[in-house]
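Chemist: Provided below are the primary sequence and the corresponding predicted coordinates.
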Amino acid sequence: LKASPAGVTLETEFDSTLPKDIYNDENRIRQVLINLVTNGIKYSPRDSTVTIKLERLDQDTVELKVIDHGLGIKLEDQSLLF
């Protein structure tokens, strides 16, 4: 992913309490992450930041967020994502 030519900085924030192994559908997570980060870079204004954040919510749950400064996905279209 090329964030620099778009004038966007890509950052990561990972919770230090994350378990060593996280069981998930690796291919699906990769696909979703690439789509969200690519769109975040594409639609964020120059000199902004796109952040990938992974944090532990409880013993069995982690949360993955892509935080950007774009317009966002229309509320009525959000249900179509997954």
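Modeler: That came through fine.

Chemist: just the CA coordinates for the helix-or-strand element of the chain with minimal mean pLDDT, please, in PDB.
Modeler: Using mean pLDDT, DSSP states H and E, helix 75-78 stands out as the lowest-scoring helix or strand of the chain, at a mean of 88. Extracted C-alpha coordinates of helix 75-78, given in PDB (Å, rounded to 0.1, in the frame of the first residue of the first chain):
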ATOM      1  CA  LEU A  75     -24.900   4.500   7.200                       C
ATOM      2  CA  GLU A  76     -27.300   2.800   4.800                       C
ATOM      3  CA  ASP A  77     -24.300   1.200   3.000                       C
ATOM      4  CA  GLN A  78     -22.600  -0.100   6.200                       C
END
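
Chemist: can you list contacts of that helix?
Modeler: Residues outside helix 75-78 that contact it (C-beta atoms under 8 Å, 6 or more residues apart in numbering): none are found. For every residue, glycine as well, the C-beta is placed using N, CA and C.

Chemist: next one: that helix to chain centre, how far?
Modeler: Mean C-alpha position of helix 75-78 versus that of the full chain (C-alpha atoms, centre = their mean, to the nearest Å) differs by 18 Å.
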